[in-house]
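S.K.: Model the following, please.
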Amino acid sequence: MQLKTALLFATPCDDEEDNMATLCCHSDKGQMFLLTRYPDEDTVDLTLDDEPSTLDGLKVTLSASRLLIEVAAGDRDALKGDEELEIILTSAGTDLDEVKETLRNILDGTGTFVSEI
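M.R.: The predicted structure follows:
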């Protein structure tokens with residue numbers, strides 16, 4: 001599955017939401033992607049459009065032009081049957097340092113984060 005977005009919005013630690021880390025975007029076709037984790041949780045929540053899923057063991061790879069999210073075979077329903085979601089960044093406005101920090105917070109102890117930046 002692939003989405004295209006102009007911006008990724010990242011919040012490494014939201015004080016108003018019990019220190020939840022959040023990464024989200026809206027695609028050029030109006031689809032919503034949301035990845036969140038509270039610091040005391042062992043799982044990650046992924047929402048695609050309005051369908052939330054709880055995951056563990058996912059892998060996320062970040063480069064300057066894309067975000068690749070890979071889920072385990074048992075979690076494919078979170079991505080509507082696909083094993084991966086590729087989010088293509090169509091502009092240079094995203095704060096990639098903040099995205100990296102957010103992904104580290106989300107995946108620490110629950111998944112794998114690969115930075116190609």
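
S.K.: Is the spatially most central residue of the chain bridged to anything, and to what?
M.R.: Most central in the chain under C-alpha atoms, centre = their mean is residue 35, positioned 4.2 Å from the mean C-alpha point. Taking DSSP bridges as the rule, residue 35 bridges to residue 23, residue 46.

S.K.: ok, it touching residue 45?
M.R.: Yes - using C-beta atoms under 8 Å, residue 35 is in contact with residue 45, at 7.3 Å. From N, CA and C alone the C-beta is placed, and that goes for glycine too.

S.K.: residue ranges of the helices in this structure, please?
M.R.: Using DSSP state H, the helices of the chain run over 96-107.

S.K.: pLDDT below threshold where in it?
M.R.: Filtered on pLDDT under 70, the chain yields no residues whatsoever.

S.K.: hang on, isn't residue 113 packed against residue 105?
M.R.: No - the pair residue 113 / residue 105 is not scored as a contact, 9.7 Å apart, by C-beta under 8 Å.

S.K.: the more surrounded of the two?
M.R.: With neighbours defined as other C-beta atoms under 10 Å, residue 113 and residue 105 compare such that residue 105 has more, 20 against 17.

S.K.: sorry, back to before: how near is the residue nearest to the centre of the chain to residue 27?
M.R.: 14 Å (C-beta to C-beta, to the nearest Å).

S.K.: how about this structure, which residue sits the furthest from its center?
M.R.: residue 16 (20.0 Å).

S.K.: Relative to residue 59, how far out is it?
M.R.: 29 Å.

S.K.: contacting residues around the residue nearest to residue 53 when sequence neighbours are not counted?
M.R.: Of all residues not flanking residue 53 in the chain, residue 78 sits nearest, at 3.5 Å (C-beta to C-beta, 6 or more residues apart in numbering). By C-beta atoms under 8 Å, 6 or more residues apart in numbering, residue 78 lies in contact with 46, 48, 51, 53, 55, 71.

S.K.: From residue 78, how far out is the second one?
M.R.: Going from residue 48 to residue 78 by C-beta to C-beta gives 7 Å.

S.K.: what sits in contact with each of the two?
M.R.: Contact with both residue 48 and residue 78 is made by no residue, according to C-beta under 8 Å, 6+ apart.
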